[in-house]
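[1] Return a 3D structure for these sequence lines:
(3 chains)
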Amino acid sequence: MTLYTGTVVTVRPKSRVWRSIGENALYALGLPFLLLVVWGVWSTISPQKFFPGPIEIIQAFVDTWIGPQFFVDVVPSLARLGLGIVLSIAIGITAGTVIGSIRWLRELLEPTLEFFRAIPPPVLIPVVVLLLGITDATKVIVIVSGAIWPILLNTIEGVRATDAVMTETARSFGITRWQRLRYLVLPAASPQIMAGVRQGLSVALILMVISEMFSSSSGLGYRITYFQRNYLIAEMWSGILLLGLIGVLLATIFGIVERRVLSWYHGIKEVERA
Amino acid sequence: MPDTLLQVEHLKKIYESSTGSVEAIGDISFSMRSGELVCIVGPSGCGKTTLLKCIAGLLNPTAGSVELDGRKVTAPPASMALVFQEYGRSLYPWLTVHGNVELPLKHKRLARAERERLIVDALEAVGLDHAAKSYPWQLSGGMQQRVAIARAVAYQPEVLIMDEPFAAVDAQTRADLEDLVRGLHRDRGMSILFVTHDIDESVYLGERVIVLSKSPTWVQEDLAIDLAPERDQITTRALPRFTELRTHVYEQIQRAKRGEAIRAAA
Amino acid sequence: MARRSPRSLRSLRKAVLGVAGLLGFLLTWQLIPTLGIISPEYLPYATETLARLADDLRDLAFWRAVGQTMTSWAIGLTIASVAAIALGTVIGLIPFLRRATHTTVEFLRPIPSVALIPLAVLVYGIQMQAALVIIVFASFWQVFVQVLYGVADVDAVARDTARSFGLSRSSRVVNLVLPTALPYLMTGLRLAAAVALILAITAEMVIGNPGVGRLIALSGSAADWVGLYALVIVTGLLGLTINLLFRVIERRSLAWHQSVRGEEVL
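    The predicted structure follows:
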């Protein structure tokens, strides 16, 4: 039977399109704007020592971070963060795929790995510093040592749980092991892997800040602590703001990547929910 | 007529969306008497579900009205029960079979004993009295749909509305469930409005078959089914009259799909 | 009986392999300093570390530190969860609030909570409150976002069913919205519990309020490496316990839910 239906579509008038864009913008910016105004008014009416107004913070932000300081403190921090994340993802997914597809290896290692995941990552900082000394490489390794576990364990779990029917389909068509991995196992595991990466990202950011607060003489974490110890309150706030922006940036990049990688998955979810 | 139960008059529904508006229902009018079993058939995507949602008070029509017992339907009326095609989503997985049947009775302010009696009676009627303590997801698809029917039966509605209830079960189960619906209608005198895309099913079940046109929808034909009330999967379906009726409905649907039928008067 | 044996054999095999893996790890750890790959000064023997761990477990001061850490963990997690459930339910149920708060939430959520450590120290000094600020901020979002998703995830058919049976708004919240959101809430609580522990210990390390984290920082600065390794194991055990505890709670409260059932089937 043909599923033919004639539906009559009337195109919306233009003015309504504009109105809906305006409405969306109002919803998106209304509350942040309102909060900023309340904060600004409140800080002028009764100035708090530790809570400067938004204008002061933005002033401090421009003075502190825009200029050479950006290259001294921010760029190296971000470079280490990026390197740590890339290494965690690469090692985590590779090792996870291997461990996940070999059953005895998986059963052998899983409890041990679960234990490592359970260790609060910042605790590893003194250990890594002890073993490797304080270098740039140490800070990258600290990030990897914490961020890798959710990625690794989620990959193992995702690879393990590949649908049996799909695997059998692939085998019946005589698809090679490598192709099966590339076109079946990894895509099927990708929702789980992406969930692991998301957790790994926030751990990585925490570790970047903490490792610099701990044992460092440069970097964002160090700089913010320095401002706090010297009572440079507005500067300290501007550092928190910068970290927030980095967090938002990371989340945005992740969101874009995830939407591309998992477009099929979100599609299924939407259909199921309709 | 004094015993008119459901009256649908000049119903029209236009969906507004960001891309534009879609006219799902053009102009539908029909009525249904108390104790009738009426089937609605139409080509795929002709707005059957939209029509049901308007009748059930889940959607507000753009124009026209639905009256149940002479009262205009604006919100889901208390004297109406629905059985959906997606039994898996209509039953609540966190409640047992018993709990699912009981849920709509909770706010009916019945005595506890009376409530229990209704639940047991409804489960017996659908042949599931042994499964009261199971969870829906432990049952097969056909049994889950029986639970949904039991829930509607226990609710004691004046009219039972079923939206393609058997579209997702296998053929054998489907035949059993069709006989179950016939049985409920015959033994309990329930008024049932049954929506389906299956022509044989509509002729086998209904006392009347309403054929809808393609979207924007209107009533293309209102056909009385003059088969005996006692029906049987083998003998009824083998009757020459059954074949005649189904052929007639089939042709109507084909015309509807091609958009050939011309509306008598707008 | 005969059917159960391959299954129990499989879980036995899993347990044996798992223990073998742990023993293998400990053996490798023991061998690395023995063979001089890393000097025992920097990587103490596994036996030495475990002996120290056993000593710690008999020490009252150690247990007091564990108690302090777990106290701030529990208080922080409770405050965050209660606030997140209340706000998440209200905002999730009201479309206007959902839309209006979206950007604000998406901006605040990714802020790494450790960025607030300097601020917390300024305001509260070396007290538990400073740690609580960090813990609450971090774990709040985990629960809040899950509750928000959960409340919005009510199935369209399930909602229509409830409405058609005439359930009131409050009855729908109790019987439909909350059960739907419960799996999400449990996931959120489990994640929040893990995050809260991470930040409780981190705060103690960086801020210096008493607890296991401070012991770690102290043994680091006192060059007590054996003690440091023993404490790292302790934090791992704490994390593991919390994980297991919350998984058990999740399983118990969601016996009906598909994701839990799915895990058991596999």
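[2] Shouldn't residue B:85 be within a strand?
    No. Counting by DSSP: H, G, I helix; E, B strand; the rest coil, residue B:85 is not found in a strand; it is coil.
[3] Listing partners with orientation, what would you give for the helix or strand harbouring residue B:220?
    Taking DSSP states H and E as the criterion, residue B:220 maps to strand B:217-224. Counting by DSSP bridges, the strands paired with strand B:217-224 are strand B:20-33 (parallel), strand B:208-212 (antiparallel).
[4] Show me what residue of the stretch 51-200 of chain C gets nearest to chain B.
    residue C:165 (3.5 Å; C-beta to the nearest C-beta). Any C-beta I mention is one placed from the backbone N, CA and C, and that applies to glycine too.
[5] Now the closest residue to that residue other than its chain neighbours: phi and psi?
    The spatial neighbour of residue C:165 that comes closest, neighbours along the chain excluded (C-beta to C-beta, 6 or more residues apart in numbering or on different chains), is residue B:104 at 3.5 Å. The phi/psi pair for residue B:104 (degrees, to the nearest 10) reads phi -70, psi -20.
[6] Over to residue A:129?
    phi -60, psi -40.
[7] likewise the one 4 residues further on?
    Here the main-chain torsion angles of residue A:133 (degrees, to the nearest 10) amount to phi 80, psi 180.
[8] For chain C, name the helix or strand with the lowest mean pLDDT.
    helix C:258-265 (a mean of 42; mean pLDDT, DSSP states H and E).
[9] now the helices for the stretch 1-150 of chain A?
    Taking DSSP state H, counting those that start in this stretch to define them, one finds helices in the stretch 1-150 of chain A at A:14-45, A:54-65, A:68-69, A:75-101, A:103-118, A:124-132, A:136-160.
[10] buried stuff in the first one?
    In terms of neighbour count (16 or more other C-beta atoms under 10 Å in any protein chain shown), helix A:14-45 has its buried residues at A:27-28, A:31, A:39, A:43.
[11] Tell me, please, the helix or strand in chain B that averages the lowest pLDDT.
    Going by mean pLDDT, DSSP H and E, chain B bottoms out at helix B:87-90, a mean of 83.
[12] what number of residues lie near residue B:71?
    By other C-beta atoms under 10 Å in any protein chain shown, 10 other residues sit near residue B:71.
[13] Beta-bridge partners for it, please?
    Beta-bridge partners, per DSSP bridges, of residue B:71: residue B:68.
[14] The residue nearest to residue C:165: what's it in contact with?
    Taking C-beta atoms under 8 Å, 6 or more residues apart in numbering or on different chains, we find residue B:104 in contact with B:81, B:151, B:154-155, C:165-167.
[15] What separation is there between it and chain A?
    24 Å (C-beta to the nearest C-beta, to the nearest Å).
[16] per-residue confidence at that residue?
    Residue B:104 carries a pLDDT score of 86 in this model.
[17] do the same with the one 3 residues further on
    The pLDDT attached to residue B:107 in the predicted structure is 74.
[18] hang on, residue B:93 is in a strand, isn't it?
    No. Applying three-state DSSP, one finds residue B:93 to be coil, outside a strand.
[19] and residue B:82, what helix or strand is that in?
    Per DSSP H and E: strand B:80-83 holds residue B:82.
[20] which residues sit against that strand?
    Outside strand B:80-83, the residues touching it (C-beta under 8 Å, 6+ apart) are B:52, B:56-57, B:68, B:90, B:104, B:145, B:148-149, B:151-153, B:155, B:157-163, B:165, C:160-161, C:164-165.
[21] hmm, back to that, the residue of the stretch 51-200 of chain C closest to chain B - how many residues pack around it?
    23.
[22] which residues does the residue nearest to residue B:127 when sequence neighbours are not counted contact?
    Spatial nearest neighbour of residue B:127, chain neighbours left out: residue B:146 (6.9 Å); criterion: C-beta to C-beta, 6+ apart. Going by C-beta under 8 Å, 6+ apart, residue B:146 touches B:126-128, B:177, B:180.
[23] Of those, which is the most crowded?
    Counting by other C-beta under 10 Å, top hit in those: residue B:126 with 24 neighbours.
[24] Surely it touches residue B:153?
    Yes. Residue B:126 lies in contact with residue B:153 (C-beta atoms under 8 Å); the separation is 7.1 Å.
[25] I'd like the average pLDDT over stretch B:41-54.
    Here the average pLDDT along stretch B:41-54 is 84.
[26] Would you mind naming what in the stretch 1-150 of chain B lies close to chain C?
    B:53, B:56-58, B:76-78, B:80-82, B:84, B:86, B:89-90, B:92-95, B:103-104, B:106-107, B:135, B:137 (C-beta under 8 Å from any C-beta of the partner chain).
[27] Just the buried ones from those residues?
    B:53, B:56-58, B:76-78, B:80-82, B:84, B:86, B:89-90, B:92-95, B:103-104, B:135.
[28] how close does the nearest residue to residue A:148 once chain neighbours are set aside get to residue C:196?
    Nearest residue to residue A:148, sequence neighbours excluded (C-beta to C-beta, 6+ apart): residue A:88, at 4.4 Å. Going from residue A:88 to residue C:196 by C-beta to C-beta, to the nearest Å gives 23 Å.
[29] Low-confidence bits of the chain, can you list those?
    The chain I'm using is chain A. Along chain A, segments meeting pLDDT under 70 span A:1-14, A:163-167, A:170-172, A:174, A:215, A:269-274.
[30] hm, I was asking about chain C
    C:1-5, C:257-266.
[31] Under a three-state scheme, what state does the spatially most central residue of it occupy?
    In chain C, the centroid-proximal residue (C-alpha atoms, centre = their mean) is residue C:194; its distance is 1.3 Å. Three-state assignment for residue C:194 (three-state DSSP): helix.
[32] check whether the host helix or strand of residue C:238 contacts chain A.
    Assigned by DSSP H and E, residue C:238 falls within helix C:225-253. Yes. For helix C:225-253, a contact with chain A is found by C-beta under 8 Å from any C-beta, at C:225, C:228-229, C:231-232, C:235-240, C:242-243.
[33] Make TSV out of those residues and add neighbour count.
    Below are the residues of helix C:225-253 next to chain A laid out as TSV (neighbours: other C-beta atoms under 10 Å in any protein chain shown):
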residue	neighbour count
C:225	21
C:228	23
C:229	24
C:231	28
C:232	20
C:235	26
C:236	18
C:237	15
C:238	21
C:239	23
C:240	16
C:242	19
C:243	17
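[34] Nearest to residue B:221 among those residues?
    Ranked by distance to residue B:221 (C-beta to C-beta), the residues of helix C:225-253 next to chain A are led by residue C:243 at 64.3 Å.
[35] how close does that closest one get to residue A:115?
    Applying C-beta to C-beta to residue C:243 and residue A:115 gives a distance of 10 Å.
[36] If you average pLDDT over each of the strands paired with strand B:217-224, which is lowest?
    Across those, strand B:20-33 gives the lowest mean pLDDT, at a mean of 87.
[37] Are there helices or strands packed against the very next helix or strand once past that one, and which ones?
    On the C-terminal side of strand B:20-33, the nearest following helix or strand under DSSP H and E is strand B:37-41. Helices and strands touching strand B:37-41, by 3 or more C-beta pairs under 8 Å, 6 or more residues apart in numbering or on different chains; DSSP states H and E, are helix B:171-188, strand B:191-195, helix B:199-205, strand B:208-212.
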